[in-house]
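> Quick one, structure for this:
(chains A and B)
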Protein chains: 2
Amino acid sequence: MKRKEEVMSEVDGVLGDGELSCDVSHGDSSCPELTPIASAPVHDWEAEKTTETDFFDDGTMTYFWRAHTLTALVFMICFLLYEALTPPDEDMVDNTKRGLVASVSAFILLGVTVTPDGPFKRPHPAIWRFTFIISIVYELSLIFMLYQSASGARQLLKHIDPKLGEPMEEKDYGGNCRLYDHESPEDPYHNIWDKLDLFVPLHFFGWWMKTLLLRDWWLCWVISVMFEILEYTLEHQLPNFSECWWDHWIMDALLCNGLGIYCGLQSLKYFSMKTYHWRGLWNIPTYRGKLRRIMAQFGPYVWVDYDWKPLSSLGRWFSMLGIIAIFLLAELNTFYLKFVLWVEPGHWANLVRLTFILPWGAVALREVFQFLDDPDCMKFGRQSWLFLAIVTTELLIVVKFGWETVTIPFPSTTINFSTSMSTIHLSPVGPQHNSPQSSTNTSTHNLSHVVTLWMTIFIILVLWTLWNFYIDPHTFKVDSEDVERRREHWSQVRAIETKLSPSESRLFISEFFFDKILQKETKKD
Amino acid sequence: MKRKEEVMSEVDGVLGDGELSCDVSHGDSSCPELTPIASAPVHDWEAEKTTETDFFDDGTMTYFWRAHTLTALVFMICFLLYEALTPPDEDMVDNTKRGLVASVSAFILLGVTVTPDGPFKRPHPAIWRFTFIISIVYELSLIFMLYQSASGARQLLKHIDPKLGEPMEEKDYGGNCRLYDHESPEDPYHNIWDKLDLFVPLHFFGWWMKTLLLRDWWLCWVISVMFEILEYTLEHQLPNFSECWWDHWIMDALLCNGLGIYCGLQSLKYFSMKTYHWRGLWNIPTYRGKLRRIMAQFGPYVWVDYDWKPLSSLGRWFSMLGIIAIFLLAELNTFYLKFVLWVEPGHWANLVRLTFILPWGAVALREVFQFLDDPDCMKFGRQSWLFLAIVTTELLIVVKFGWETVTIPFPSTTINFSTSMSTIHLSPVGPQHNSPQSSTNTSTHNLSHVVTLWMTIFIILVLWTLWNFYIDPHTFKVDSEDVERRREHWSQVRAIETKLSPSESRLFISEFFFDKILQKETKKD
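Next up is the predicted model:
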């Protein structure tokens, strides 16, 4: 409380000058901003923008922020009324389908309307509420699916798209790995062109987004490289993972992922440096300013840089290892799930899942970071909860429906070529492999390296943990001031975030401005 | 902001005395309470309790308040893991049923874990989160049911209880209305004993609870009497509504409802006068004190008296009429729903619905009252939203499945006995009436009164509205100070409520104590 007392007395001096004598929370547009800029003329929007990072939403966009609960209710009731007044239909299957669709739609409407906002609010909180609700619907569908038999589950997918539920062929990216193929002189680079399909831009944009999620280049590279190692390790189960060495390391890891990470880091830098000045649209006098404001609506409201500090404590170190593991598991699920449920890689259902997994991951990582970093945050985030549940349920579905695939034993490096061939062919559920011979050839070749690699990674991790936290625990530790600094930082972030709901934010906002004023006073000293 | 400034400067003077120099939000049990009592010895708990209403929860019960999100997740995953590892079952119907039960259970677990708290928190917030989630599940089931045919919906209920889905007989409470029956000399009071069934205590306890919900004796009596009038009005559709005059007015309205309302008002008085001193259990030294604290856990955390002030504005007047209408509609649905879905009145499904409707209504009314009364509350509550949706969907189900019943025309008072008889018998969906002759006899007898009564009520309402809000609008108006007072009151309530989540309440609490101190200062002046 001592700290607060100081703030109060500092603030009281400032309040005495009468600078704060208007109610910020009620969208009072006549209110001068709490900085020396307040004396600038109203139209000097460009100059204002450049002077300092000022968080401010003056309330003129409140109509958009509101959830319109009663409108949504009336809308839903009208829709149901129409249903009640149509003559009844005796077809049970049709009724069940329509009833399910109606219930799920009502749930989504209800969720988007009454769910409280998560950490993200741009371009509109309803979008983030929507993705959250979809994650609930997805998780419940996964649980329902887990209770079906493998064939039943595959046939269920026919309700989504009649083309689904049929056995399919896997594309094998291995095979001929020569960069320059002498045998086909008309197009010697055909191996390279062959590998340049839809998944190259997907890799690139995926990693751009993933970098925005993780907000740490070291974490991005670790996960990107680890996933390539996992592909090597699991190519005896999924022929899809079988790739040439240059496809793994040069095209995927270095070019696609690397470029994606680079672009992601540039975006991070931009968001982190950007001036967040959330003036209401109607109060911006110039046309160019209005346009800029509309564009800015698609950027974040408040930006938090993630400094994961994995070495600051043992708990945090294991949390980081856990995050990496969950992230990799989510990526593996993408491949295994489409394999066991017979969904083509290019099918829209896959793309829809990937599109939703990004916002879920974004919110979950933000929540987890706050959970780890904010000393006042005691509750594990709801989206993180659901993300964990989704990844686990997907894994369980893969294990249940693809038991024969996931239990294909890791081929021993001592066994000869024909034995490992027969191991692959034992898989009864798996679809027909395109060219199992070449893929197995690659795997037996690489396996001794893979085993050595995993052993090395494991031993290094254990030794590093022991050294860093037990043998020499003074290297990377945080000081006690750090906790206070983080508490301060997060209370500011919360203050800015809660600004959006005017009824509850009056005091938080005052505190935030008090803190800012206090910071200025401190700087002057 | 002016008001806040004054508060701040007032507070600063108090802070100068160093009385507030400990952090309340961190459950610091060494913190003296912010009153003169702070100087009392620690064990003087009885004396403290009587001195003043002090809201305080010192954080020693935080373990119970936490949602245990990760424990719930691990629990759920273990359960699903068991499912994934059991051999698959090819029976589609069984799989679907188990899948549905698992999905709904997971949804309830998820909801209880991650849903934010509503306005009520005692005995444990999880109970209120649970009832909220059940209301979502119920509403979604209702929507699903609305999309079925009438016979399909009735057969669906067989999945809940195989005894359901069969046509049933309605009990007719009318018939012989003599209090003292000369014709059966062995037990001349048999008519009275006959009417004393399960529904007498249900009426009584129901109204006890409803009074706790509405917290206004005038509103209670209006709704109680209006419902008896509705029973008179609709007895040509539901034979269940046909009662003797003394059953309507003396046994139901006066005895059961009246006693229930009286007990409810006594409870209200108790809760309103009670001292809310939420000291942590471990800090209470005496055994009697601990016991009292445990009992108090089942009472409310903070009590809000409802002063509905129906005449303070036109909007509020219509809101009150709306609340009465929705309340009566919810009561009517109870009777119509079991009639159209062929559920016996004494069936547990009915009792379960009634048991859940009470907490839904309690939260919804609390939210609606805050929505009307709190100038800072802009959002229509989520439970009110769901309550409205549920009542409307139930009504739509009644209209869709009982179209033949709800469209039985109001028997004209001029038509003779036989015509109205045939009208009743035209109802093809309705189950066989036990003694339609006597019930119709009663209805034709009363109908002219009923029509006159409804006309009178309507005309009085219109005239009253015109007089009060247009002709003589100065009678019951509120002054402008009232808004400030209400704003103050609700910000205190919010402060006490948010105290339960320590991470977000630090400033609210300080404000609440500031306000209390300020009030004391003002009183001294």
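> Once you drop chain neighbours, what's closest to A:Arg178?
Ranked by CB to CB, 6 or more residues apart in numbering or on different chains and with sequence neighbours excluded, the top spatial neighbour of A:Arg178 is A:Asn191, at 6.2 Å. Every C-beta, even on glycine, is put in place using the N, C-alpha and C of the backbone.
> quick one, what contacts that neighbour?
A:176-179, A:181, A:244 (CB atoms under 8 Å, 6 or more residues apart in numbering or on different chains).
> Which of these are buried, as a PyMOL select command?
Restricted to buried positions by 16 or more other CB atoms under 10 Å in any protein chain shown, the PyMOL selection for those reads:
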select buried, chain A and resi 244
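> Closest one of the contacts of A:Asn191 to chain B?
If you rank the contacts of A:Asn191 by distance to chain B using CB to the nearest CB, A:Cys244 comes first, at 34.8 Å.
> Next, the contact list for the closest residue to that closest one other than its chain neighbours, please.
Spatial nearest neighbour of A:Cys244, chain neighbours left out: A:Cys177 (3.7 Å); criterion: CB to CB, 6+ apart. When contacts are counted by CB under 8 Å, 6+ apart, A:Cys177 touches A:191, A:244-247, A:442.
> Mind picking the two most distant members of the residues you listed?
For the contacts of A:Cys177, the farthest-apart pair by CB to CB is A:Asn191 and A:Thr442; their separation is 13.9 Å.
> Phi first, then psi, for the residue nearest to A:Arg178.
phi -60, psi -40 (degrees, to the nearest 10).
> What distance do you get for it to A:His203?
Distance of A:Asn191 to A:His203, computed by CB to CB, to the nearest Å: 18 Å.
> One more: A:Cys263?
12 Å.
> Which helix or which strand is home to the closest residue to A:Tyr336 other than its chain neighbours?
Nearest residue to A:Tyr336, sequence neighbours excluded (CB to CB, 6+ apart): A:Val398, at 4.3 Å. In this assignment (DSSP states H and E), A:Val398 forms part of helix A:382-401.
> Equivalent analysis for A:Thr465, please.
Using DSSP H and E, A:Thr465 maps to helix A:436-466.
> helices or strands up against the following helix or strand past that helix?
Using DSSP H and E, the next helix or strand after helix A:436-466 towards the C-terminus is helix A:480-498. Helix A:480-498 makes packing contacts with helix A:348-373, helix A:502-524 when contacts are defined by 3 or more CB pairs under 8 Å, 6 or more residues apart in numbering or on different chains; DSSP states H and E.
> if you set the cut-off to 6 Å instead, what comes out?
Counting contacts by 3 or more CB pairs under 6 Å, 6 or more residues apart in numbering or on different chains; DSSP states H and E, helix A:480-498 packs against helix A:502-524.
> Closest approach to chain B from the stretch 151-300 of chain A, which residue is it?
A:Gly152 (5.8 Å).
> how close does that residue get to B:Asp91?
Taking CB to CB, one finds A:Gly152 at 9 Å from B:Asp91.
> who's more crowded, these two?
Using other CB atoms under 10 Å in any protein chain shown, the more surrounded residue of A:Gly152 and B:Asp91 is A:Gly152, with 19 against 11.
> Let's see the pLDDT reported for that one.
You'll see A:Gly152 listed with a pLDDT of 86.
> Helix, strand or coil: sort out it for me.
helix (DSSP: H, G, I helix; E, B strand; the rest coil).
> can you pull the contacts of it?
Contact partners of A:Gly152, counting by CB atoms under 6 Å, 6 or more residues apart in numbering or on different chains, are B:92, B:95.
> mind running it again at 10 Å?
Counting by CB atoms under 10 Å, 6 or more residues apart in numbering or on different chains, A:Gly152 touches A:145, A:401, B:88-92, B:95-96, B:99.
> Report the contact partners of A:Asn267.
One thing to correct before we go on: residue A:267 is Ser, not Asn. A:208-209, A:211-212, A:215, A:299.
> Need the buried ones from these selected in PyMOL.
A single PyMOL command selects the buried members of the contacts of A:Ser267 (16+ other CB under 10 Å):
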select buried, chain A and resi 208+209+211+212+215
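> What parts of the stretch 101-250 of chain A come near chain B?
Within the stretch 101-250 of chain A, the residues that sit near chain B (CB under 10 Å from any CB of the partner chain) are A:101-107, A:109-111, A:113-116, A:132, A:136-137, A:139-153, A:155-156.
> and A:Gln266, how many neighbours?
Residues near A:Gln266, counting by other CB under 10 Å, number 12.
> Settle this for me: it is touching A:Thr211, isn't it.
Yes - under the criterion of CB atoms under 10 Å, A:Gln266 makes contact with A:Thr211 at 9.3 Å.
> Could you find the closest non-adjacent residue to A:His182?
A:Pro188 (6.8 Å).
> and what of A:Leu100?
By the measure of CB to CB, 6+ apart, the closest residue to A:Leu100 outside its immediate chain neighbours is B:Phe144, 6.8 Å from it.
> And for A:Ser151?
Using CB to CB, 6+ apart, the nearest residue to A:Ser151 is B:Glu90, at 7.7 Å.
> still on that earlier bit, ok so the residue nearest to A:His182 is a helix residue?
No - secondary structure of A:Pro188 (three-state DSSP): coil, not part of a helix.
> Show the contacting residues for it.
If you count contacts by CB under 10 Å, 6+ apart, A:Pro188 has them with A:178-182.
> Sketch out the low-pLDDT regions of chain A for me.
Where chain A drops to pLDDT under 70, the residues are A:1-67, A:88, A:122, A:170-176, A:273-302, A:412-447, A:473-480, A:496-525.
> And A:Phe401, how close does it get to A:Trp348?
Taken as CB to CB, the span from A:Phe401 to A:Trp348 is 21 Å.
> higher neighbour count, those two?
Taking other CB under 10 Å, A:Phe401 and A:Trp348 do not tie; A:Phe401 has more neighbours (28 against 12).
> give the contact list for that one.
With contact taken as CB under 10 Å, 6+ apart, A:Phe401 is in contact with A:145-146, A:148-154, A:336-337, A:339-342, A:429, B:84, B:88.
> got the residue ranges for the helices in the stretch 101-250 of chain A?
Here the stretch 101-250 of chain A has its helices, by DSSP state H, counting those that start in this stretch, at A:125-146, A:150-156, A:190-195, A:199-214, A:217-234, A:245-246.
> so who does A:His248 touch?
Listed by CB under 10 Å, 6+ apart, the contact set of A:His248 reads A:173, A:225, A:227-229, A:231-232, A:241-242, A:254, A:446.
> Could I get those residues in a markdown table, plus columns for neighbour count?
Converted to a markdown table, the contacts of A:His248 look like this (neighbours: other CB atoms under 10 Å in any protein chain shown):
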| residue | neighbour count |
| --- | --- |
| A:Tyr173 | 24 |
| A:Val225 | 14 |
| A:Phe227 | 18 |
| A:Glu228 | 17 |
| A:Ile229 | 17 |
| A:Glu231 | 21 |
| A:Tyr232 | 21 |
| A:Phe241 | 24 |
| A:Ser242 | 30 |
| A:Leu254 | 13 |
| A:Asn446 | 18 |
